[in-house]
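S.K.: Attaching a predicted model along with its sequence, questions to come.
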Amino acid sequence: MNTPPSEAGPTLFDVGTVVGANLPPAYPHRAAHGTAGTLRQWQQEALDLYIQKKPRDFLTVATPGAGKTTFALRVAKMLVESGEINRLYVVAPTEHLKRQWADAAARVGLSIDPNFKNSDGRHGRQFIGVAVTYAQVANKPALHRNKTEAARTFVIFDEIHHAGDSLSWGDGVREAFDPAVRRLALTGTPFRSDTAPIPFVDYVEDADGVRRSRADYSYGYGPALKDRVVRPVVFMAYSGNMRWRTSSGEEMEAQLGGAATKDITQHAWRTALNPEGEWIPAVLAAAHKRLLKVRDKIEDAGGLVIATDHEAAHAYAAQLDRLTGQKTTVVLSDDKEASNRIDEFSADGSKMWMVAVRMVSEGVDVPRLCVGVYATSTSTPLFFAQAIGRFVRLRKKAEVASVFLPSVPVLTDLANEMEAERDHALAVPESAQEQDGIPEEHMLAEAEKEDRASEELTKGSFAALGSNASFDKVLFDGDEFGLGGAVGSEEEMDFLGIPGLLEPEQVSTLLRKHQQQQLKRRPAAAERQADVVDHRQLKDLRNRLNKSVSAYSAKTGMHQGSIHTKLRDACGGPAVGQATQAQLEARLKKLQQWFVGMK
């Protein structure tokens, strides 16, 4: 099958000679499959468009789990059988994905070598081509250019946005594959704004003077969900009260997801993710309850925790070991056995949980993943989309994915924007950076800066002092459900217990039903929502309390954060920003008693 055809072989587009033989004229390309199985509608449409356009370059943007690999290999198979190409290159982000592509190619009768090294120079004659990483190409672009020029080469770029990750990667890809006969670029995540074009991607200037990438075919999460190509994703958001000590020694506390500055939100978030607090154990326990419910109908359903760093990953795994009674799979990016661990977990349906640091964030195919915990401080739109993409791949009809996450605005906003699509933008003028409320951090440099800032939260003299978890809300299809509740409460269990097999419309219906039931069970909550709060009086009480705490701090030398904590321990209730009028008045009274006791 992989013996190179003659140099003068007919082209794919000579319909009626090779490709269209004995087939209805509407689908002349189907003879070139070489494999059984019917393409999904979007794959068929993209394939029809590919043949119609006869492109040298073709960009396909399709949501994770939609089947980009199947589409790309169908194109490759056609080009090989028609004689249009006799060498295949797959460029992927990671070593694991090289193997994944090689396995998928073998299933359609194409042999590519995922173990090819730059030092090998040439691949074996038994292979029609190779799978390499972007870093591998950037390391020796001249080698890969020579290989590309030596044959009629077709290049598949998996997650093409990686060619814009660094100047060397982009330059290397352009140098190596400029001579290719045909190139097919794939991506399943939002492009990031930048000032450097991604190689072999077309850009068009819009009315605002912004050059944006133009996809030849796009298939987003929304259409894929309607077509039953991907799973519906239910997001379970958890809040809670966080206490920490800053690098300056000040003790602070805040409600996770409450109104706060960016710095306070990040520190509260970091406190929540601390394995020694109460938030992570509570959320892992809730996620495991959800997984057990899903496994009632989907016996091999698995869960994935995405951690910020190695230390946290091992700590989370130890907690899951105690919850499940079995050894949790841990996958670290610098582990040589990482790919084997992923393969073993994917194949063994008895294993319930895997914990990973970035390694499983993009492209890695573990179809049985149904439950996730987003336990990382990384919050770029690109990373979030990649991570959630691990849970949307549909196997059985009507599977539902559940992802647990901290209730912080940046994540809940991203969860509500699952269907949003972004194009890669070049030379973004200042006026466009804030257009439609899209902040400047969507630019590539800012996205990378945010990533680095998140990672730096794990350094320094910051100290998490304590945390607790509470169920906040459920997010699905842009809507929010639930009135909140304690961990283990009936309100939480309503949503943890939804069936693992539901159609998207059934998910919405059931979530609304639970919301209505909770409103009936909690008339007091409904009444409280209808109450008119005197916000001026609350503001005055907060100001009075803060001034009194400041005065007490000056007299005693105690940090203000410690005083607030001591008041909460004595009087109960949440942080100042969420406290009721009665709670604030009680703290003021208690503080007055402390002043009297000093005399």
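M.R.: Okay, I see it.

S.K.: okay, CA-based contacts and neighbour counts for the rest of this
M.R.: Fine.

S.K.: Tell me which residues touch Ala579, please.
M.R.: Residues in contact with Ala579, defined by C-alpha atoms under 8 Å, 6 or more residues apart in numbering, are Gly573.

S.K.: quick one: it from Gly222, how far?
M.R.: Here Ala579 is placed at a distance of 39 Å from Gly222 (C-alpha to C-alpha, to the nearest Å).

S.K.: Same question for Leu483.
M.R.: Applying C-alpha to C-alpha to Leu483 and Gly222 gives a distance of 26 Å.

S.K.: Okay, buried residues for the helix or strand harbouring Met354 please.
M.R.: Counting by DSSP states H and E, the element that carries Met354 is strand 353-356. Using 16 or more other C-alpha atoms under 10 Å as the test for burial, strand 353-356 gives 353-356.

S.K.: Would you reformat these as CSV and include pLDDT and distance to Ser550?
M.R.: Below are the buried residues of strand 353-356 laid out as CSV (pLDDT from 0 to 100; distance: C-alpha to C-alpha, whole Å):
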residue, pLDDT, distance to Ser550
Trp353, 98, 48
Met354, 96, 47
Val355, 95, 44
Ala356, 92, 44
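
S.K.: Give the single residue among the residues you listed positioned nearest to Val366.
M.R.: When the buried residues of strand 353-356 are compared for distance to Val366 (C-alpha to C-alpha), Met354 wins out at 10.7 Å.

S.K.: For that closest one, give the beta-bridge partners.
M.R.: Leu304, Thr329 (DSSP bridges).

S.K.: wait, it sits on Gly303?
M.R.: Yes: applying C-alpha atoms under 8 Å, one finds Met354 in contact with Gly303, separated by 6.2 Å.

S.K.: In the stretch 451-599 of the chain, where is pLDDT below threshold?
M.R.: 451-461, 522-533, 599 (pLDDT under 70).

S.K.: Can you show me the strands along it?
M.R.: 463-467, 470-476, 479-481, 485-486 (DSSP state E, counting those that start in this stretch).

S.K.: May I have the strands that pair with the first one, each with its orientation?
M.R.: Partner strands and pairing direction for strand 463-467 (DSSP bridges) are strand 241-245 (antiparallel).

S.K.: just to revisit the earlier point, which one of the buried residues of strand 353-356 is nearest to Gln136?
M.R.: Closest approach to Gln136 among these (C-alpha to C-alpha): Ala356, at 23.5 Å.

S.K.: For the closest one, list the residues it contacts.
M.R.: Residues in contact with Ala356 (C-alpha under 8 Å, 6+ apart) are 304-307, 313, 330-332.

S.K.: just Thr187 next, same as before
M.R.: Shown in contact with Thr187 (C-alpha under 8 Å, 6+ apart): 60-63, 158-161.

S.K.: swap the cut-off to 6 Å and go again
M.R.: For Thr187, the contacting residues are 61, 159-160, by C-alpha atoms under 6 Å, 6 or more residues apart in numbering.

S.K.: In ChimeraX, select just the buried ones from those residues.
M.R.: To isolate the buried members of the contacts of Thr187 in ChimeraX, using 16+ other C-alpha under 10 Å:
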select :61,159,160
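
S.K.: Dump the contacts of Thr187 to a markdown table, plus secondary structure.
M.R.: A markdown table is the format used below for these (DSSP: H, G, I helix; E, B strand; the rest coil):
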| residue | secondary structure |
| --- | --- |
| Val61 | strand |
| Glu159 | coil |
| Ile160 | helix |
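
S.K.: Dump the contacts of Thr187 to JSON lines, plus distance to Gln266 and pLDDT.
M.R.: Shown next, in JSON lines, are the contacts of Thr187 (distance: C-alpha to C-alpha, whole Å; pLDDT from 0 to 100):
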{"residue": "Val61", "distance to Gln266": "32", "pLDDT": "92"}
{"residue": "Glu159", "distance to Gln266": "29", "pLDDT": "88"}
{"residue": "Ile160", "distance to Gln266": "31", "pLDDT": "90"}
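
S.K.: out of the contacts of Thr187, who's nearest Leu591?
M.R.: Leu591 lies nearest to Glu159 out of the contacts of Thr187, by C-alpha to C-alpha, at 58.4 Å.

S.K.: Give me the pLDDT value at the residue nearest to that closest one when sequence neighbours are not counted.
M.R.: Nearest residue to Glu159, sequence neighbours excluded (C-alpha to C-alpha, 6 or more residues apart in numbering): Thr187, at 4.2 Å. We have a pLDDT of 89 for Thr187.

S.K.: what's the distance between Thr187 and Val91?
M.R.: Distance of Thr187 to Val91, given as C-alpha to C-alpha: 12 Å.

S.K.: Kindly report the same for Glu175.
M.R.: The separation that Glu175 has from Val91, given C-alpha to C-alpha, amounts to 14 Å.

S.K.: At which residues are the helices of the stretch 251-400 of the chain located?
M.R.: With helices called from DSSP state H, counting those that start in this stretch, the stretch 251-400 of the chain shows them at 262-273, 279-295, 310-324, 338-347, 381-388.

S.K.: dump the residue contacts of Ala582.
M.R.: Applying C-alpha under 6 Å, 6+ apart, we find Ala582 in contact with no residue.

S.K.: how close does it get to Cys571?
M.R.: Distance of Ala582 to Cys571, given as C-alpha to C-alpha: 10 Å.

S.K.: again with Thr329
M.R.: For Thr329, the distance to Cys571 - C-alpha to C-alpha - is 44 Å.

S.K.: can you check Ser168 too?
M.R.: 59 Å.

S.K.: center of the chain - which residue?
M.R.: Ala387 (2.4 Å; C-alpha atoms, centre = their mean).

S.K.: What pLDDT is listed against that residue?
M.R.: 87.

S.K.: Quick check: phi and psi at the closest residue to Ala215 other than its chain neighbours.
M.R.: Distances taken as C-alpha to C-alpha, 6+ apart place Leu59 nearest to Ala215, at 5.1 Å, with adjacent residues excluded. Main-chain torsions, Leu59, degrees, to the nearest 10: phi -110, psi 120.

S.K.: Give the full set of residues in contact with Leu59.
M.R.: 185, 215-216.

S.K.: Counting neighbours, which of those comes out on top?
M.R.: Of those, Ala185 is surrounded by the most neighbours, 23 neighbours in total, counting by other C-alpha atoms under 10 Å.

S.K.: Under a three-state scheme, what state does it occupy?
M.R.: Applying three-state DSSP: Ala185 is strand.

S.K.: Who does it form a beta bridge with?
M.R.: Beta-bridge partners of Ala185, counted by DSSP bridges, are Leu59, Phe157.

S.K.: For it, give its distance to Arg56.
M.R.: Distance, Ala185 to Arg56, using C-alpha to C-alpha: 11 Å.

S.K.: just Val234 next, same as before
M.R.: 40 Å.

S.K.: where are the low-confidence patches of the chain?
M.R.: 1-37, 165-167, 190-196, 358-364, 419-461, 522-533, 599.

S.K.: Domain boundaries for it, per the record?
M.R.: Per the record, the chain has its domains at 28-226, 233-239+279-419+470-528, 535-598, by automatic domain parsing.

S.K.: Span of the last one from start to end?
M.R.: Using C-alpha to C-alpha, one end of domain 535-598 lies 33 Å from the other.

S.K.: what number of residues lie near Ser82?
M.R.: Using other C-alpha under 10 Å, Ser82 has 24 neighbouring residues.

S.K.: Could you pull up phi and psi at Arg125?
M.R.: The phi/psi pair for Arg125 (degrees, to the nearest 10) reads phi -60, psi -20.

S.K.: Just give me the neighbour total for it.
M.R.: Using other C-alpha under 10 Å, Arg125 is surrounded by 10 other residues.

S.K.: Look up how far Asn86 lies from it.
M.R.: Counting by C-alpha to C-alpha - Arg125 and Asn86 are separated by 12 Å.
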